[in-house]
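Asks: Here is the input, now give the coordinates:
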Amino acid sequence: MNRRNLLGLALVGSLTASLAACGGGEDPLATDATPADGGSADASTVIVGSANFPESELLAEMYSQVLEARGVTVQRRFNIGARELYLKALQDGSIDLMPEYNGALLTALSSGGAPEGVSTPEQVLDALKDVLPEGTEVLEQSSAQDKDSLTVTSETQSKYNLTSIADLAPVAGELVAGGSPEFQERYQGLVGLKELYGVEFAEFRPLDPGGPLTVNALKEGSIQVANLFTTDSAIEVNGFVVLEDPKSLFLAENILPLIRSSKNSDTVTEALNAFSAKLTTENLTQALAKVQVDKQQSAAVAQEFLSANGLV
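Replies: Numbering: from 1, shown residues only. Just a heads-up that it's a prediction; the model follows:
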C-alpha cells in the first residue's frame with residue numbers, strides 16, 4: 001500500500017491531529033467567509049488544496065502558480081490531511097481543486113477497491129470517470145506517476161544487466177527483496193510478480209512502505225531489490241534504477257487535477273492541461289528532491305519548474 005492510500009485509510013477521528021500539524025494548529029479549511037457556495041467569497045476564485053505530504057503540496061503550488069499566470073485568482077489551503085477530509089471539502093466547496101493520483105483515487109472511490117484487470121493509465125482513467133463524486137471532474141492526466149516500483153542500485157543493474165522486471169526472472173533466486181510487509185500478500189507485490197513475470201526472490205524482508213528502512217537496506221546491500229515509490233527523492237540522490245514494468249503489474253498512479261465542475265473554465269482547463277503535458281516522473285522527482293533534500297521552499301521550486309518549462 002502506498003502513502004496516498006495510507007492517507008485515504010486514516011480514521012476520521014484522527015483528522016484533528018492532522019489538521020493541527022498544518023502549522024500553528026490552524027485548520028487549513030477554516031475561513032471567516034460565508035459565501036453561498038461554501039467556498040470562496042469571490043465566485044471566480046479557485047481554492048487550491050493539497051494533502052499533507054510534500055509532493056502534494058508542491059503540485060498544488062504548481063497548480064496555483066500556473067493558474068495565477070493566466071490571470072486566475074487563487075486561494076491556497078494546503079496540508080489538509082487524509083483523502084476523506086479533502087474529498088468532503090471538495091464536495092462542499094471548501095476547496096475547488098486538488099492534485100490527485102488516478103489509481104489511488106479510483107481505489108478510494110470504488111467499492112472493494114480498483115476493478116480487477118484495470119492497471120494501465122488509460123484503463124484507470126476510464127474507470128475513474130465512472131465513479132467520480134457528482135459535481136467533480138478530472139482534467140488531462142500527466143505522464144508523471146508516483147507508483148510502486150522495483151528499484152535496484154546501479155551496481156546491481158549493471159551486474160545483472162537489468163532493464164525491466166522481466167529481467168529479474170532468471171536471477172531473482174540469487175537476490176533478496178524488501179519493502180512494506182503487505183507487499184508479500186498483495187497481487188501488486190510478490191503474488192503478481194510470480195504470476196506475471198515468474199519472479200521469485202531468494203528472500204523477502206518486510207521493512208517499511210518506501211521509507212528509510214527500505215532505502216537504507218538497499219544502500220547497504222542487505223537487500224538487492226526494493227519496493228520504492230517512483231518519485232522518491234532517494235532514487236535521484238543515490239542513483240538508484242527503477243525497473244520498467246512492461247506488463248503493468250503496478251496500478252497506474254498518474255497525477256491529474258481533480259476539480260469542482262462549477263469552478264472549471266476554458267482558462268483553467270487550458271492552463272492545467274498545459275502543465276500536465278510538461279510534468280513527467282523524472283522532472284517531478286528532481287523538483288521534489290529540491291524540497292525534501294535541499295530544503296527549498298515549495299513556492300520557489302514551483303516557480304523555477306514552471307519557468308523552465310515555459311508555463312509562466
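
Asks: okay, CA-based contacts and neighbour counts for the rest of this
Replies: Noted.

Asks: can you map out the strands along this protein?
Replies: All strands of the chain, identified by DSSP state E, fall at 46-49, 74-77, 97-101, 136-138, 148-152, 176-179, 203-206, 225-229, 241-242, 255-260.

Asks: so which of these comes closest to Tyr187?
Replies: Smallest distance to Tyr187 across the strands of the chain (CA to CA): 12.2 Å, for strand 148-152.

Asks: and Tyr160, what is it in contact with?
Replies: Taking CA atoms under 8 Å, 6 or more residues apart in numbering, we find Tyr160 in contact with Val171.

Asks: again with Asp96
Replies: Asp96 makes contact with Gly39, Val46, Ile47, Val48, Gly49, Leu90, Ile259, Arg260, Lys263, according to CA under 8 Å, 6+ apart.

Asks: Output the residues you listed in CSV, with distance to Gly211 appended to each entry.
Replies: CSV is the format used below for the contacts of Asp96 (distance: CA to CA, whole Å):
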residue, distance to Gly211
Gly39, 36
Val46, 34
Ile47, 31
Val48, 28
Gly49, 25
Leu90, 30
Ile259, 30
Arg260, 33
Lys263, 37
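
Asks: Out of these, grab the one that's most surrounded.
Replies: Neighbours here mean other CA atoms under 10 Å. Within the contacts of Asp96, the largest count is held by Gly49, at 31 neighbours.

Asks: my guess is that residue contacts Asn79, does it?
Replies: Yes. Gly49 lies in contact with Asn79 (CA atoms under 8 Å); the separation is 7.4 Å.

Asks: Could you list the buried residues of the longest helix along the chain?
Replies: Longest helix of the chain, by residue count under DSSP state H: helix 54-68. Neighbour counts over helix 54-68 (16 or more other CA atoms under 10 Å) mark 55-68 as buried.

Asks: With stretch 101-118 instead?
Replies: Buried positions in stretch 101-118, judged by neighbour count with 16+ other CA under 10 Å: Tyr101, Asn102, Gly103, Ala104, Leu105, Leu106, Thr107, Ala108, Leu109, Ala114, Val118.

Asks: And that stretch, end to end?
Replies: Length of stretch 101-118, first residue to last, CA to CA, to the nearest Å: 15 Å.

Asks: Restricting to C-alpha, output stretch 85-95 in PDB.
Replies: Extracted in PDB, the C-alpha atoms of stretch 85-95 (Å, rounded to 0.1, in the frame of the first residue of the first chain):
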ATOM      1  CA  LEU A  85     -11.400  15.100   4.500                       C
ATOM      2  CA  TYR A  86     -10.300  16.800   1.300                       C
ATOM      3  CA  LEU A  87     -12.900  14.900  -0.800                       C
ATOM      4  CA  LYS A  88     -15.600  16.200   1.500                       C
ATOM      5  CA  ALA A  89     -14.100  19.700   1.300                       C
ATOM      6  CA  LEU A  90     -14.100  19.500  -2.400                       C
ATOM      7  CA  GLN A  91     -17.800  18.500  -2.500                       C
ATOM      8  CA  ASP A  92     -18.900  21.200   0.000                       C
ATOM      9  CA  GLY A  93     -17.000  23.900  -1.800                       C
ATOM     10  CA  SER A  94     -14.300  24.500   0.900                       C
ATOM     11  CA  ILE A  95     -11.800  23.800  -1.800                       C
END
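
Asks: Can you show me the helices along this structure?
Replies: 3-8, 15-20, 54-68, 83-92, 102-109, 121-129, 154-160, 192, 212-220, 233-238, 266-278, 281-292, 298-308.

Asks: Flag the helix or strand of the chain with the lowest per-element mean pLDDT.
Replies: Least confident helix or strand of the chain, by mean pLDDT, DSSP states H and E, is helix 15-20 with a mean of 36.
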